[in-house]
Structure formats: structure tokens, C-alpha cells
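Undergrad: Give the three-dimensional model of this entry:
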Amino acid sequence: MTHRTSKWNSIDCNITQNEITFLTAWAPPQKVIHELAQLVGKTLVLDFQSVDSGFEGKLTSHPDGKFEYEDREISY
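TA: Sure thing, here's the model as predicted:
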């Protein structure tokens, strides 16, 4: 995969039986989540937050290539 939609690789990765958490720069890695959902044949949900940019949201990616995306401004 050559384009990840995030400027750098992830850091602070933690993996449990039902969840993977990590930090990335600039933007949520949407393409990675889409390709991973197709690869594992399961629906994946990415909850994300960008404190510096002031938004948060949710990406749900299905193995058939369909997805739902929502984001909203963070109010402090």
C-alpha cells in the first residue's frame, strides 16, 4: 500500500482481542481501514479525533467496499 492518507506511520500501537489503538499524524488512515476490512472480510469501525484541527468522527468500512463516514467539530 503506497498511499496511507496519513503523513507518517502510526505510533503508540496497542492491540487487544477486540481493539487496535494507535496515533497518526494529520488525518485518519481511511485507505488502510478500507483495505484491511476487505482483507479480513469484516466490518471495521474507526473512531478518530484530531485535537489540533478541532474535529472528531467515525468511519465504518465494510468488506464489500461500502463505507459510512461522519465527522463533526469538537466544541471545547
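Undergrad: show me where pLDDT drops low in the chain?
TA: Scanning the chain for pLDDT under 70 picks out 1-7, 76.
Undergrad: Please enumerate the strands of it.
TA: Listed from the start of the chain, the chain has strands (DSSP state E) covering 11-15, 20-23, 44-50, 55-61, 67-73.
Undergrad: Nearest to residue 29, out of the ones you listed?
TA: strand 44-50 (7.8 Å; CB to CB). Every residue, glycine included, has its C-beta placed from N, CA and C.
Undergrad: In its sheet, which strands sit next to the closest one, and in what direction?
TA: Taking DSSP bridges as the criterion, strand 44-50 pairs within the sheet with strand 55-61 (antiparallel).
Undergrad: so which of the strands of the chain comes closest to residue 30?
TA: Ranking the strands of the chain by their distance to residue 30 (criterion: CB to CB) puts strand 55-61 first, at 6.0 Å.
Undergrad: tell me the angle of the closest one relative to strand 67-73?
TA: Here the directions of strand 55-61 and strand 67-73 differ by 170 degrees (axes from the mean of the first three to the mean of the last three CA atoms, to 10 degrees).
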